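Peer 1: Give me a 3D structure for the following:
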Amino acid sequence: QVQLVESGGGLVQTGGSLGLSCAASGSIFRINAMGWYREAPGKLRELVSSITDGGSTNYADSVKGRFTISRDNTKKTVYLQMNDLKPEDTAVYYCKAQIRHRPWLGVNDYWGQGTPVTVSS
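Peer 2: Now for the predicted structure:
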């Protein structure tokens, strides 16, 4: 099995910064794309940012220029550095990883448990 453990959420004031991390463990042959999603109260879960195993990144328009995604393949960890935070960034943040358990198996999606981020005005 696979576990994704997130850390780094919390409370911050508008304009502040937070860093999130998500470490994968378990039966892993290869991790393809990794990403961060968020779910605000009353809203659907949305993609914040993603990164391929080769390092190509993608960002939601709402966070471009403020958030930076990165990954350490040796540590099986993805990071999200969030700067210039705004109240509308308040949400539970989830990491997601596309994992292949064995070379001959397909890819499965796994989710972390979520970490709350609250930005006060």
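
Peer 1: can you give me the strands in this structure?
Peer 2: Along the chain, counting by DSSP state E, strands occupy 2-7, 10-13, 18-26, 30-39, 46-51, 57-59, 67-72, 77-82, 91-100, 107-111, 115-120.

Peer 1: Output the second one as CSV, restricted to C-alpha atoms.
Peer 2: Just to be clear, that refers to strand 10-13. Output in CSV follows, covering the C-alpha atoms of strand 10-13 (Å, rounded to 0.1, in the frame of the first residue of the first chain):
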residue,chain,number,x,y,z
GLY,A,10,-1.7,26.4,9.5
LEU,A,11,-2.9,29.9,10.1
VAL,A,12,-1.3,32.9,8.5
GLN,A,13,-2.1,36.6,7.9
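
Peer 1: Looking at that strand now, give me its mean pLDDT.
Peer 2: Across strand 10-13, the average pLDDT comes to 98.

Peer 1: So which bits of that strand are buried?
Peer 2: Applying a neighbour-count criterion of 16 or more other CB atoms under 10 Å, one finds Val12 buried in strand 10-13. (C-beta placed from N, C-alpha, C; glycine too.)
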